[in-house]
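S.K.: Next input, structure requested:
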Amino acid sequence: MSKHRILISACLLGEKVRYDGDSMQLDNAIIKSWQKDSLLLPLCPEVSGGLPTPRKPAEIINVNNDNIKVINIENIDVTQEFERGAKKVLELCLQNNIKLAILTESSPSCGSNLIHNGQFNGEKIPGEGVTTRLLRKNNIQVFNQFQIEQALEYYQTLT
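M.R.: Numbers count the residues shown, from 1 in each chain. You can find the predicted model right below:
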């Protein structure tokens, strides 16, 4: 079996780093096994980018080509912090030869299939977060907390 490290959203391991100061701890046998084998490297891109915990909710309001804009609910532009966090995550992945990430769905940083629509009304739309987008551009596979089985299948292909 491969011994590649896996990047994971810190909130999924119980770290209270979400915007609301809480976590989304997973209760999953595969995650627990990887954690026991010290394969998981937890990180919160938003905290790494300099945002506090807790923080105001933020959503992506504009995506065209490579231009993404992220604002918080008070209409303050936090794009720079999100981009800084994404770059730090990518740097960590490259330094540790990480090819797989499990990130929190719907997050403006970590969403892999869905993000909020940018109107702070709870509606989700197809899209990907700032960090997910950067990782995928650099050939790092990103799965969410609902795709652990698929992540395991991909992990088993790594040599």
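
S.K.: which residue is nearest the centroid of the protein?
M.R.: Centroid check for the chain by CA atoms, centre = their mean gives Cys110 as the closest residue, at 2.8 Å.

S.K.: OK, contacts around it?
M.R.: By CB atoms under 8 Å, 6 or more residues apart in numbering, Cys110 lies in contact with 9, 45, 103-104, 129, 131-132, 144. Backbone N, C-alpha and C define where each C-beta goes, glycine included.

S.K.: if we go to 7 Å?
M.R.: 9, 45, 103-104, 129, 131-132 (CB atoms under 7 Å, 6 or more residues apart in numbering).

S.K.: roughly how far out does the longest helix anywhere in the chain sit from the chain middle?
M.R.: Criterion DSSP state H: the longest helix present in the chain is helix 79-95. For helix 79-95, the separation from the chain centroid amounts to 10 Å (computed by CA atoms, centre = their mean, to the nearest Å).

S.K.: ok, now stretch 94-108?
M.R.: So, by CA atoms, centre = their mean, the centroid of stretch 94-108 is 6 Å from its chain's centroid.

S.K.: again, but for stretch 62-80
M.R.: A distance of 16 Å separates the centroid of the chain from that of stretch 62-80, by CA atoms, centre = their mean.

S.K.: And for stretch 108-125?
M.R.: From the chain centre to the centre of stretch 108-125 is a distance of 13 Å (CA atoms, centre = their mean).

S.K.: what about the helices in this protein?
M.R.: With DSSP H applied, the chain shows helices at 29-36, 45-48, 79-95, 130-137, 148-155, listed in chain order.

S.K.: For the third one, list every residue counted as buried.
M.R.: Of the residues in helix 79-95, 79, 81-90, 92-93 count as buried by neighbour count, 16 or more other CB atoms under 10 Å.

S.K.: ok, back up a step: turn the helices of the chain into CSV, including distance to Phe120 and mean pLDDT.
M.R.: Shown next, in CSV, are the helices of the chain (distance: least, CB to CB, whole Å; pLDDT from 0 to 100):
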stretch, distance to Phe120, mean pLDDT
helix 29-36, 30, 97
helix 45-48, 17, 98
helix 79-95, 16, 97
helix 130-137, 17, 97
helix 148-155, 29, 97
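
S.K.: so which of those helices gets nearest Lys124?
M.R.: With respect to Lys124, and counting by CB to CB, the nearest of the helices of the chain is helix 130-137 at 14.3 Å.
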